[in-house]
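Student: Here is a sequence together with a model predicted from it:
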Amino acid sequence: MIITIANLYPDLLNLYGDFGNIRTLCYRLNERGYEAKVTEYFVGDAIDFDNTDIIYLGGGGEKELIAVNEELCPVRDKLKSYVEDGGVMLATCSGFEILGKTFETESGVFDGLGILNISSSWNKDRFIGDVILDSTLVNDKIVGFENHNTRIEIGSYEPLGIVQCGCGNDGINGREGVCYKNLIATFLHGPLLPKNPSLADYILFKALERKGDSTPFISIDDTEENAAREYMLKKIMK
Amino acid sequence: MRKIRNIIAIFVCKLLTFASKLLGKKGSSGPGGIAMKISPTLLKDLSSQLKGPIIMVCGTNGKTTTNNLIYSLMNAKGKSVVCNNVGANMLPGVASAFINMSSLFGKLKADCASIECDEASLRRVVPHVSPTMIVVTNMFRDQLDRYGEIEMTLGYLNEAIEKVPDVTLVLNGDDPVTMQLAKGRKFVTYGVDENCNVSVRESKEGKFCLCCGRELSYNYYHYSQLGDYYCKNCGFKRPRLDYFAKNINMDDGIKFDINGKIETTLSVNYRGFYNIYNILASVCVLCECKESYVGINSVFDEYKPQIGRMEAFCIGGKTTVLNLAKNPAGFNQAIATVLTDKRSKDILIAINDMPSDGKDISWIWDVDFERLAEGNVNKIYVSGMRKHDLAVRLKYGGFKNVSVVGSERDDLKKIISDDGEICYMLVNYTVLFATQANLKALSTLSEGGEIK
């Protein structure tokens, strides 16, 4: 079976190693005998939502983010239907921000894509540092790095995880990211999936399930990934 | 009173520097910081005695090399130069450099200064040391957790430049980000004025025109965002270069012409395309200081690259090359340079995540390690605090049998004794010094016949 991954605007949204997420998804599919096809979309391309199994939206600087938001606005209804229909999507870093009704940057407030009923605000204090979450979604710890001025209050949505270390969505509620149907959005930037194989597998499983394949995953050799996770957990939790 | 405070501060600084040298520490910035606490006006009192130019060198990559080249050129012209050539580039380090060149009574024994300065620190240094020229080598992604996005770094530099309105900026004209600093200011530029096809697949920082926000186009580009750029929308483009490299030949060392305001040919025996920029920047400074460029080739030829800048060691009859690389642009350039060596090689990649390295190492996914597959590589080793992350990165890059090793002398010895004809060690900042010390020790043991 082929899983098609739409990588949205990799030329604009690749602030910091976001490419690692796509790499991880492909690798873990291939190791299990599935084929992975990555379609990169650039400004001006029409996104083929019907033939996409996973959408990835990475992080970018302010200018890049505003450009991407403008580009996606005309197709926001299609993106919304995709998500409402259980389409799998991962948004990391600043990609999280434009999914709400409005988002704020240093230059002002902008209309977002309105996929989620949330809004973001900008604060001059930046949250920077290592993060550990307890996630019920994957029944595991998630390790990552955050670097954002934006604050998001997710209301009644489920978070990706509860902050054990770090700041999270707003530095107050102890929640990080958001999960809605098969959409996962998080501030954890750059290469989130390489070090969180269980989250990568969760995303892949949901995509395969939506295509009618619910065969349990065979486990693959994660020696290196687990060693990298252990180092971070030890370093941060000490 | 001010004079007495200065004398006490200088005395304490010199004493502490001496003591820390006795203890075998590099101790280049700490004492200066203490001296500045004792006498906050000391640095200003010292630097205002200089009759000749004061050069400050900023930029993400190439600061240390460029600064040391300027120092060597000025030295060759018979000048006594204040220089923080150990890379201590924040306010305390700058203070130490000046105090080291001063008498106990606060008399500065120097003609001019060439100071490497951290981008975020420049605004804190210029009130004490007023520069004649500020060199900006380039602006790449580096340690995002410390600086935030690149526009924040531009903001720091702008803030500093505002404080010294008479300064002349020496800018890398090939860098659209660096050129943002030129607006409405006195500046000269340098760059590489031909397509050298050195580009690697990597993300460009200046994807958008920082003037109007549209995407930039390129006639050609060298690496990262450096190249001959232009904006279709607002007309922002690479300026006419005042000093430019042409007819570049990199088959054996680097040979190229510098044209523009001067006409000369240079030839050096070290490698790395990025060194062309370092050399250009230093020549640009020299000429703008109205010094003659005749006979400078020997200065570049005799220049010994700083520790860990493609520094070679001979251990057990085999060459090991140590190179500092601390961000994607630096790593990609190091990899490109390694690939020009056709011999079979073993490679060590080592990364720490101490505060001065940057705690976030996400950028390893922006390094094009995949290119090493075409580099006649015998074996890849990884070490440092983040060795496991490197192992994951390389695994996903398609490399099998990557060895995770420790950072001790014996680990290095084992790597060197592998089957490759040559060994390359690409390491980031805090790994560098210990690795260099170990390689030096191994090299000495080898000379004594203890390693074969």
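Tutor: Done, it's in.

Student: From now on I want contacts and neighbour counts done on CA atoms only, so please keep to that.
Tutor: Noted.

Student: would you put the C-alpha positions of the lengthiest strand in chain A in PDB?
Tutor: The longest strand of chain A (DSSP state E) is strand A:120-135. The C-alpha atoms that make up strand A:120-135 are tabulated as PDB, following Å, rounded to 0.1, in the frame of the first residue of the first chain:
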ATOM      1  CA  SER A 120      -3.200  32.900  19.400                       C
ATOM      2  CA  SER A 121      -1.700  36.000  21.000                       C
ATOM      3  CA  TRP A 122       1.900  37.300  20.900                       C
ATOM      4  CA  ASN A 123       4.000  38.000  23.900                       C
ATOM      5  CA  LYS A 124       7.400  39.600  24.000                       C
ATOM      6  CA  ASP A 125       8.800  36.900  26.300                       C
ATOM      7  CA  ARG A 126       9.900  33.900  24.300                       C
ATOM      8  CA  PHE A 127       9.500  30.400  25.600                       C
ATOM      9  CA  ILE A 128      12.800  28.600  24.700                       C
ATOM     10  CA  GLY A 129      13.900  25.200  25.900                       C
ATOM     11  CA  ASP A 130      13.600  21.500  26.100                       C
ATOM     12  CA  VAL A 131      10.200  20.100  26.700                       C
ATOM     13  CA  ILE A 132       8.900  16.800  28.100                       C
ATOM     14  CA  LEU A 133       5.200  15.900  27.800                       C
ATOM     15  CA  ASP A 134       3.100  13.100  29.300                       C
ATOM     16  CA  SER A 135       0.900  12.100  26.400                       C
END
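
Student: Quick one: work out the angle between the helix or strand following it and strand A:120-135.
Tutor: Next helix or strand after strand A:120-135 toward the C-terminus (DSSP states H and E): strand A:140-152. Per axes from the mean of the first three to the mean of the last three C-alpha atoms, to 10 degrees, the angle that strand A:140-152 makes with strand A:120-135 is 170 degrees.

Student: how about the residues of chain B that lie near chain A?
Tutor: Residues of chain B lying near chain A by C-alpha under 8 Å from any C-alpha of the partner chain: B:145, B:148-149, B:203, B:207-208, B:213, B:359-360, B:362-366, B:386-389, B:391-393, B:396.

Student: returning to that earlier point: residues making contact with the longest strand of chain A?
Tutor: Applying C-alpha atoms under 8 Å, 6 or more residues apart in numbering or on different chains, the contact partners of strand A:120-135 are A:97, A:100, A:102-106, A:140-153, A:160-168, A:176, A:188, A:233, A:236, B:145, B:359-360.

Student: Just the residues of chain B next to chain A: which are in helices?
Tutor: Under the assignment DSSP state H, the residues of chain B next to chain A contribute B:145, B:387, B:388, B:389, B:391, B:392, B:393, B:396 to helices.

Student: ChimeraX command to pick out the buried ones of those?
Tutor: Entered in ChimeraX, the line below selects the buried ones among those, by 16 or more other C-alpha atoms under 10 Å in any protein chain shown:
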select /B:145,387,388,389,391,392,393,396
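
Student: Tell me the residues of chain A that contact chain B?
Tutor: A:11-12, A:14, A:16-20, A:23-24, A:27, A:61, A:63-64, A:128-130, A:145, A:147, A:190-191, A:194-195, A:224-225, A:227-228, A:231.

Student: Now a ChimeraX select for only the buried ones of these.
Tutor: Buried residues within the residues of chain A next to chain B, by 16+ other C-alpha under 10 Å, are selected in ChimeraX with:
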select /A:11,12,14,16,17,18,19,20,23,24,27,61,63,64,128,129,130,145,147,190,191,194,195,224,225,227,228
